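Enquirer: take a look and give me a structure for this.
(chains A, B, C and D)
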2 protein chains.
Amino acid sequence: MSQHSSKRATLSEVAALAGVSRSAVSRAFTEGASVSVKTRSKVERAAQELGYRPNVLARSLTTRKTGLVGLVANNFHNPIFLEVFDLFTRQLQTVGLRPLIVNLTEETDPQRSVQLLLEYQVDAVVVASSTLPVGFADSFSEAGISVVHAFGRPTNRKDINVIGIDNIEAGRIAARRLLASGYNDVGFLGGPEKATSTRDRLEGFLDVLSDYPKIKTRVHFAGDYTFEAGFDEMASMILRGLSQAYFCADDVISIGAMSALRRANFRIPQQIGIIGFNDMEMAGWDNIRLTTIHQPLDQIIEESVICLTGMLTLNTIKTYQKLLPCHIVERDTLPALS
Amino acid sequence: MSQHSSKRATLSEVAALAGVSRSAVSRAFTEGASVSVKTRSKVERAAQELGYRPNVLARSLTTRKTGLVGLVANNFHNPIFLEVFDLFTRQLQTVGLRPLIVNLTEETDPQRSVQLLLEYQVDAVVVASSTLPVGFADSFSEAGISVVHAFGRPTNRKDINVIGIDNIEAGRIAARRLLASGYNDVGFLGGPEKATSTRDRLEGFLDVLSDYPKIKTRVHFAGDYTFEAGFDEMASMILRGLSQAYFCADDVISIGAMSALRRANFRIPQQIGIIGFNDMEMAGWDNIRLTTIHQPLDQIIEESVICLTGMLTLNTIKTYQKLLPCHIVERDTLPALS
DNA sequence: AAGAGTTTTGCAACCGGTTGCAAAATAAAA
DNA sequence: TTTTATTTTGCAACCGGTTGCAAAACTCTT
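Expert: A predicted model of the protein is given here:
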């Protein structure tokens, strides 16, 4: 058994106790190395005795693999990210990688993160955000770190892997759904105006509606992916005149907007229709029942990790840019279709 | 400027380019080391040129400080944890520490995590959870890793630091608040029955009520900290008979429970009162307005990090066990007082 | 200009592992 | 049993840094 003071046991100590060379110990802890069962068991016994665990960091010096993966994100206020986060940490754990979190506070200058992740010799980084400036992920690649941008937007750089959704198509899906309900005055309530995801969804939305010139279209932006932003923006829209239905670029924004509408005694969906985006857990709660566009989180993350391990094991670097399809989840905030 | 292939530059290369010894380079990157401004600038120029960043992991071999801190948690489904997580990563970043996340999936056997964190030579670990088995944090300490248990329960082990809230007192606060509204039949709707936090809050709750034998008290447990668990448990309570007001051990559970009540056409707070726990962001949303007990998240986390850095810098290990006070945030799910 | 005091420098050993290579030990073949 | 092929072992060098120590290079006095 193992009980000891704070000093952690080292390879040499184990070697001494087991009466073998240091290399023998090293090999005993290396999958598929050349060791006889006899010495291996001697080593194991000694290691057990001392509570020895190999120092991964020292090992990384020679193997050049740390098992660390930078996980860079900036959306620590949207509950959807907890789901993202749960999935990422789990997936990475199962393939033996450890997430090293970088919480981008305010400043979206990538250089600081790049330095940090270089210092820690991460094997790769995954940037998980749809709201970073265009080209953010590039900095990592330029510093020689392989990168996969989850929830990103395709780019023509061959060195950036992107796994995300087709936001433009998502915008089209929303527009078509509103058309199918027969509305002739529809609104777009986006997230931050400069976020690529917002811009892409708007592009798709308008793309479809441009074929229907007699349908009135209004465009608004909530400054933030928060309840308050949705509430406030909708409150001001209520005063300035409403469309019949809105595509909100995020579920939390939708919930804020609906709250403002209900507060002003509008009935949803009878008077105003709402379709959200993300399909976060909360959207299905009995008191919300938001009709929304489902983003395949688990697939995105699964694919991201596959892409990652692919890059790390076989070094045949085949760039990966994959957009997964979204679909509508019908609930109670748009009138049912026939 | 810096532009280079994937190979990262090393200390020796910088030394060669700058025309100085390796030690000089090392010292140039060490705060307060003995280097002349002349050589330091030579080194800096060369480093810049090569895009060099010191390898923290190699450094850690001799300094015995990795800057890594294990962040062990199991509550990746409660939105409150996103706030916890945001605060922790930020706080740690500001003191130059990097969180290494361990997502406890299912199995709460600590041994696996202990091994992992030993392998990565973390400087310390913070366990952030109020629902782990008693003694969970002990394993880390026994393996020689300093540990602070955030949201934990005090223990008489002198080697475990605890920063949390007084759950027993919180239970009392809730009970007193319900008494103040004049209810004579009150309920407790806890989280998982075996969680220490649930047990402690129940203890405090019953402690107060035991002085009022004529007040009827019912106790129930939601299996989980989820909307569904709250909804389902309340649904079954509706059939079996309701108290006049409930203390729910978590805001998400409260929201689920309220949703079930509203679904059954009960009016809150006129017919049924609810007081929650946590005061998560959502509790303040206009469509929820949950009266709840505020847990001082930011203080808990700030203190945890202070405790952490304290242990790491001055090695004068003074154990820290601190319970911070909670207070009620009055909103709209209990009748206003006088 | 020489001597004393201070600062800066490089050497070499070390941190905890891995790994190529040749020698030692074992197994298989003759 | 000897020879040959195969497996197992230890040596020593290396991964990318840090640091104690003595020598070298500067100051500043006198």
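Enquirer: name the nearest residue to the one residue in the stretch 151-300 of chain A that gets nearest to DNA strand D, ignoring sequence neighbours.
Expert: Using C-beta to the nearest atom of the strand, the closest approach of the stretch 151-300 of chain A to DNA strand D is made by A:D159 at 22.0 Å. Every residue, glycine included, has its C-beta placed from N, CA and C. Once flanking residues are discounted, A:D159 sits nearest to A:S141: 4.6 Å by C-beta to C-beta, 6 or more residues apart in numbering or on different chains.
Enquirer: any chance you could map the helices in chain A?
Expert: Using DSSP state H, the helices of chain A run over A:11-18, A:22-28, A:37-50, A:56-63, A:80-94, A:110-119, A:138-142, A:167-180, A:196-209, A:227-240, A:251-263, A:297-312.
Enquirer: could I get the second one in PDB with only the CA atoms?
Expert: Taking Å, rounded to 0.1, in the frame of the first residue of the first chain, the C-alpha atoms of helix A:22-28 are listed here in PDB:
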ATOM      1  CA  ARG A  22      16.200   3.000 -14.200                       C
ATOM      2  CA  SER A  23      15.500   2.000 -17.800                       C
ATOM      3  CA  ALA A  24      13.800  -1.100 -16.600                       C
ATOM      4  CA  VAL A  25      11.400   1.000 -14.500                       C
ATOM      5  CA  SER A  26      10.700   3.300 -17.300                       C
ATOM      6  CA  ARG A  27       9.900   0.400 -19.600                       C
ATOM      7  CA  ALA A  28       7.700  -1.300 -17.100                       C
END
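Enquirer: can you tell me the centre-most residue of chain A?
Expert: Closest residue to the average C-alpha location of chain A: A:A128 at 3.9 Å, with C-alpha atoms, centre = their mean.
Enquirer: just checking, that one touches A:Q91?
Expert: No. Using C-beta atoms under 8 Å, A:A128 is not in contact with A:Q91, being 11.8 Å away.
Enquirer: re earlier: okay, the helices of chain A in CSV with mean neighbour count and mean pLDDT next?
Expert: As requested, the helices of chain A are arranged in CSV below (neighbours: other C-beta atoms under 10 Å in any protein chain shown; pLDDT from 0 to 100):
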stretch, mean neighbour count, mean pLDDT
helix A:11-18, 18, 97
helix A:22-28, 19, 97
helix A:37-50, 16, 96
helix A:56-63, 16, 97
helix A:80-94, 21, 95
helix A:110-119, 19, 92
helix A:138-142, 19, 94
helix A:167-180, 22, 98
helix A:196-209, 20, 97
helix A:227-240, 19, 97
helix A:251-263, 25, 97
helix A:297-312, 20, 95
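Enquirer: wait, which of those is closest to B:A170?
Expert: Closest of the helices of chain A to B:A170 is helix A:80-94, at 23.7 Å (criterion: C-beta to C-beta).
Enquirer: who does that closest one touch, helix- and strand-wise?
Expert: With contacts taken as 3 or more C-beta pairs under 8 Å, 6 or more residues apart in numbering or on different chains; DSSP states H and E, helix A:80-94 sits against strand A:68-73, strand A:98-103, strand A:124-128, helix A:297-312, helix B:80-94, strand B:98-103.
Enquirer: mind putting those in CSV, distance to B:S113 included?
Expert: Shown next, in CSV, are the helices and strands packed on helix A:80-94 (distance: least, C-beta to C-beta, whole Å):
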stretch, distance to B:S113
strand A:68-73, 16
strand A:98-103, 11
strand A:124-128, 22
helix A:297-312, 20
helix B:80-94, 17
strand B:98-103, 5
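Enquirer: looking at these, which is closest to DNA strand D?
Expert: Nearest to DNA strand D among the helices and strands packed on helix A:80-94 is strand A:68-73; the distance by C-beta to the nearest atom of the strand comes to 14.9 Å.
Enquirer: report the angle between the closest one and helix A:80-94.
Expert: 170 degrees (axes from the mean of the first three to the mean of the last three C-alpha atoms, to 10 degrees).
Enquirer: and DNA strand D, is strand A:68-73 touching that?
Expert: No. Strand A:68-73 lies out of reach of DNA strand D by C-beta under 7 Å from any atom of the strand, never closer than 14.9 Å.
Enquirer: check stretch A:109-116 too.
Expert: No. On the criterion C-beta under 7 Å from any atom of the strand, stretch A:109-116 is out of touch with DNA strand D, staying 12.5 Å away.
Enquirer: tell me how many other residues crowd A:L323.
Expert: 18 (other C-beta atoms under 10 Å in any protein chain shown).
Enquirer: please name the nearest non-neighbouring residue to it.
Expert: A:L323 sits nearest to A:D166 (C-beta to C-beta, 6+ apart), 4.2 Å away.
Enquirer: that neighbour contacts A:Q321, doesn't it?
Expert: No. If you go by C-beta under 8 Å, A:D166 and A:Q321 don't touch, sitting 11.3 Å apart.
Enquirer: returning to that earlier point: would you reformat the helices and strands packed on helix A:80-94 as TSV and include distance to DNA strand C?
Expert: Output for those, formatted as TSV (distance: least, C-beta to the nearest atom of the strand, whole Å):
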stretch	distance to DNA strand C
strand A:68-73	16
strand A:98-103	16
strand A:124-128	19
helix A:297-312	15
helix B:80-94	24
strand B:98-103	18
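Enquirer: go through those and name the closest to B:T30.
Expert: strand B:98-103 (19.2 Å).
Enquirer: CA atoms of the closest one as PDB?
Expert: Extracted in PDB, the C-alpha atoms of strand B:98-103 (Å, rounded to 0.1, in the frame of the first residue of the first chain):
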ATOM      1  CA  ARG B  98      -3.900  27.100 -14.800                       C
ATOM      2  CA  PRO B  99      -6.900  24.900 -14.100                       C
ATOM      3  CA  LEU B 100      -6.700  21.300 -15.100                       C
ATOM      4  CA  ILE B 101     -10.300  20.100 -15.200                       C
ATOM      5  CA  VAL B 102     -11.400  16.700 -14.000                       C
ATOM      6  CA  ASN B 103     -15.000  16.000 -14.800                       C
END
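Enquirer: I'd like to know which elements it is packed against.
Expert: helix A:80-94, strand A:98-103, strand B:68-73, helix B:80-94, helix B:110-119.
Enquirer: between it and helix B:110-119, how big is the angle?
Expert: Counting by the same axes, to 10 degrees, strand B:98-103 lies at 160 degrees to helix B:110-119.
Enquirer: returning to what we had before: identify the residues contacting the residue nearest to the centre of chain A.
Expert: A:71-73, A:81, A:84, A:88, A:150-151 (C-beta atoms under 8 Å, 6 or more residues apart in numbering or on different chains).
Enquirer: you'd agree A:C248 is up against A:L189?
Expert: Yes. Counting by C-beta under 8 Å, A:C248 does reach A:L189; the two are 4.6 Å apart.
Enquirer: quick one: which of those two has more around it?
Expert: It is A:C248, of A:C248 and A:L189, that has more neighbours when counted by other C-beta under 10 Å, with 31 against 27.
Enquirer: and the gap between the residue lying closest to the more buried one once chain neighbours are set aside and B:T292?
Expert: Of all residues not flanking A:C248 in the chain, A:S254 sits nearest, at 4.0 Å (C-beta to C-beta, 6+ apart). A:S254 sits 24 Å away from B:T292, going by C-beta to C-beta, to the nearest Å.
Enquirer: one more: A:K38?
Expert: Separation of A:K38 from B:T292 (C-beta to C-beta): 63 Å.
Enquirer: could you do A:L100 as well?
Expert: 34 Å.
Enquirer: out of these two, which sits in the busier spot?
Expert: B:T292 (29 against 21).
Enquirer: contacting residues for that one?
Expert: Going by C-beta under 8 Å, 6+ apart, the list of residues near B:T292 reads B:251, B:254, B:275-279, B:283, B:328-329, B:331.
Enquirer: please redo it, this time with the cut-off set to 6 Å
Expert: The contact partners of B:T292, by C-beta atoms under 6 Å, 6 or more residues apart in numbering or on different chains, come to B:251, B:276-277, B:279, B:283, B:329.
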